[in-house]
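K.L.:
requesting a structural model of the entry that follows:
(one chain, ligands or ions: 1)
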Amino acid sequence: MPTIKILCSDSAFQLQAESLASRLNLPLLDSLENELNCGHTKVADYYLEYASNGLSLRSTIRGDHGPIRCDFTSGANTHRRKYGGGNGQAIAKAIGVSGKFTPKVLDLTAGMGGDSFVLATLGCQMLLLERNIIVHSLLDDGLQRADVAGTADSELAAIIGRIELLQADAIAYLSGLPPEPCSDIIYLDPMFPERKKSAKVKKEMQAFHGIVGADQDASELLDLALSRARYRVVVKRSGAARFLSDRAPSYSLEGKSTRFDVYARQKLPS
Ligand SMILES: C[S@@+](CC[C@H](N)C(=O)[O-])C[C@H]1O[C@@H](n2cnc3c(N)ncnc32)[C@H](O)[C@@H]1O
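P.N.:
Numbering: from 1, shown residues only. Next comes the predicted model:
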């Protein structure tokens, strides 16, 4: 597990940084220079830093990768929200979103929230679970900033209003519910097995892998999901990956570089 510290170089964010450090039980630094001057040759593998544009995870290795931050108010998420292709997108078809049906979706593996944001944009009511406390903190921060930005953007406010995030392990969460359907659709996107790629964006994925691990219990999660979804379970995989648990889906839909395996339980309402 890489070492992570909290960095607060801007006193405007001191309270948030202190609260995060105590919640995550991680050391709080006020500057990288001070830490190095104290004789430490390396601050940590990563630091979580608060700044005016939000909380970000940064590598201490020069040239490693850029800041990892959740951003629902600009960049790729906003571009996809505006020009992504609506209900024609593979993820929308896999979930079963249509003009007549905007399901409640339980996203068991929220990550940085990109997929859930797409589905909330299309009108789905989303409940997101994320167990990793670092990833949860980044996502929670991104959602809070989007909520603030929503005061000047009613469409964004409505989207964020459809998203609820819990810090929870999905296996424990589902195991604690009565054995009956708890959501129209259940969505899973466990970590792909790590692949060696050198492009900058892939380095971010590798950092994510280092912090989150390999999601070894994804098969158990699929079993539980199948017993709790009203209409279907959708599993996101990389294009060439084997079926999760080697369990053949009812059918698959191909996205740009990903595949959505659909496990149908019953016909969607029309
Ligand atoms: C590949 S990422 C998901 C990416 C996400 N679909 C997105 O659009 O950003 C997988 C995430 O699922 C989380 N995860 C895996 N198993 C989980 C479980 N049993 N409960 C909660 N979170 C889980 C991991 O911590 C990781 O952050």
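K.L.:
any idea of the pLDDT on Arg81?
P.N.:
We have a pLDDT of 89 for Arg81.
K.L.:
thought Thr121 was touching it, still the case?
P.N.:
Yes. Between Arg81 and Thr121 there is a contact under C-beta atoms under 8 Å: 4.8 Å. Any C-beta I mention is one placed from the backbone N, CA and C, and that applies to glycine too.
K.L.:
these two: which is more packed in?
P.N.:
Thr121 (23 against 18; other C-beta atoms under 10 Å).
K.L.:
need the nearest residue in space to Ala170, chain neighbours excluded.
P.N.:
Leu108 (3.8 Å; C-beta to C-beta, 6 or more residues apart in numbering).
K.L.:
do Asn87 as well
P.N.:
Counting by C-beta to C-beta, 6+ apart, the residue nearest Asn87 is Val97, at 5.3 Å.
K.L.:
isn't that neighbour up against Gly123?
P.N.:
Yes. Here Val97 reaches Gly123: they are 7.0 Å apart, a contact under C-beta under 8 Å.
K.L.:
and these two? which has more neighbours close in?
P.N.:
Val97 (23 against 17).
K.L.:
OK, contacts around that one?
P.N.:
Asn87, Pro103, Leu119, Leu122, Gly123, Cys124 (C-beta atoms under 8 Å, 6 or more residues apart in numbering).
K.L.:
what's the closest of the residues you listed to the ligand?
P.N.:
Leu119 (9.8 Å; C-beta to the nearest ligand atom).
K.L.:
which element is that closest one on?
P.N.:
helix 114-121 (DSSP states H and E).
K.L.:
next: Gly210.
P.N.:
helix 200-212.
K.L.:
what's the first helix or strand after that helix?
P.N.:
In N-to-C order, the element after helix 200-212 by DSSP H and E is helix 218-228.
K.L.:
that next one close to the ligand?
P.N.:
Yes. Judged by C-beta under 6 Å from any ligand atom, helix 218-228 comes into contact with the ligand through Leu221.
K.L.:
CA-only coordinates of that helix in CSV, if you can.
P.N.:
What follows is helix 218-228 as a C-alpha-only set of coordinates in CSV (Å, rounded to 0.1, in the frame of the first residue of the first chain):
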residue,chain,number,x,y,z
ALA,A,218,-15.8,-9.0,-7.4
SER,A,219,-17.2,-12.5,-8.1
GLU,A,220,-18.9,-12.6,-4.7
LEU,A,221,-20.3,-9.1,-5.4
LEU,A,222,-21.8,-10.3,-8.7
ASP,A,223,-23.5,-13.3,-6.9
LEU,A,224,-25.1,-10.9,-4.4
ALA,A,225,-26.0,-8.3,-7.0
LEU,A,226,-27.9,-11.0,-9.0
SER,A,227,-30.0,-11.8,-6.0
ARG,A,228,-30.9,-8.2,-5.3
